[in-house]
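Student: Just the structure for this:
(one chain, ligands or ions: 1)
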Amino acid sequence: MYLKKIEIKGFKSFPNKTEILFEKGITSIVGPNGSGKSNISDAIRWALGEQSIKSLRGDKLEDVIFAGSENKKAMSFCEVSLTIDNTEKILDIDYSEVTIKRVGYKSGESEFYINNKPCRLKDIKELLLDTGIGKEGYSIIEQGKIDEILSSNPSNRRKIFEEAAGISKYRYKKEEGEKNLKITKDNLDRITDIYYEIE
Ligand code: ATP
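Tutor: Just a heads-up that it's a prediction; the model follows:
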């Protein structure tokens with residue numbers, strides 16, 4: 001499994017549709033300061049569902065949308081698509097190529113798609129669990145991340161090992177199960193109350 005292609009339109013310094021193709025192995029992106037190298041990794045994290053605009057070096061969703069330049073008008077939306085090779089079926093979906101897309105609007109709303117079908121952020125999160133790709137995965141090590149990992153507390157560091165070991169899926173499912181159990185218990189309590197009221 002590897003990232004084959006990124007398509008960016010309207011995200012930060014990329015107003016025009018920009019396609020970046022990756023081969024297997026190592027790809028380096030080089031360019032002068034301020035030319036948009038980090039904006040590419042921001043685009044990847046954003047498409048994977050990053051909700052914290054601060055961690056994408058902005059204050060509000062609007063800040064990741066192209067803000068305009070001398071000869072180009074500001075845009076009202078942005079979109080980023082990531083195409084992942086899935087021939088080894090590491091992602092639990094019956095396609096050999098998976099495209100995850102996020103569209104963001106100035107209003108602050110976002111839409112998510114898997115292979116062009118609208119989906120929830122939760123679906124993307126679940127698809128990427130235990131693959132290391134998710135927004136909290138270890139496949140994107142941005143500037144300062146190593147320092148953050150080394151200085152973070154043991155329970156946060158443990159999350160990285162759990163993702164690598166394939167345990168986070170079970171932790172996630174357990175938490176979801178506990179939430180559903182609580183809802184069911186509350187419903188049962190409510191039914192019991194109504195039952196005693198009408199008896
Ligand atoms: P360095 O090598 O210094 O780390 P870099 O190549 O990683 O630089 P980035 O930080 O990716 O550069 O890009 C910074 C550029 O992106 C700046 O010129 C900034 O004006 C531009 N930029 C950021 N957000 C937007 C936006 N919403 N609209 C237009 N341009 C933007």
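
Student: which bits of the chain sit near the ligand?
Tutor: 12-13, 31, 33-39, 63, 65-67 (C-beta under 6 Å from any ligand atom). Heads up, the C-betas are built off the backbone N, CA and C, glycines and all.

Student: If we use 8 Å, what do you get?
Tutor: 11-13, 15, 31-40, 42, 57-58, 62-69, 74, 143 (C-beta under 8 Å from any ligand atom).

Student: Show the buried residues in these.
Tutor: 11-12, 15, 36, 38-40, 42, 58, 62, 64-66 (16 or more other C-beta atoms under 10 Å).

Student: how close does the residue sitting nearest the centre point of the chain sit to residue 19?
Tutor: Taking C-alpha atoms, centre = their mean, the centroid of the chain lies closest to residue 48, which sits 1.9 Å from it. Distance, residue 48 to residue 19, using C-beta to C-beta, to the nearest Å: 18 Å.

Student: still on that earlier bit, now, which of the residues of the chain next to the ligand lie within helices?
Tutor: Among those, the residues falling in helices (DSSP state H) are 37-40, 42.

Student: what's the most distant pair in these?
Tutor: With C-beta to C-beta as the measure, no two of those lie farther apart than 37 and 42, at 9.9 Å.

Student: Pull out the buried residues from the one helix or strand residue 178 maps to.
Tutor: Using DSSP states H and E, residue 178 maps to helix 168-198. Neighbour-count burial for helix 168-198, counted by 16+ other C-beta under 10 Å, picks out residue 168.

Student: now stretch 117-133
Tutor: 119, 123-133.

Student: and the two most separated of the residues you listed?
Tutor: Between any two of those (C-beta to C-beta), the greatest distance is 20.5 Å, for 119 and 132.

Student: what helix or strand is residue 125 on?
Tutor: Per DSSP H and E: helix 121-128 holds residue 125.
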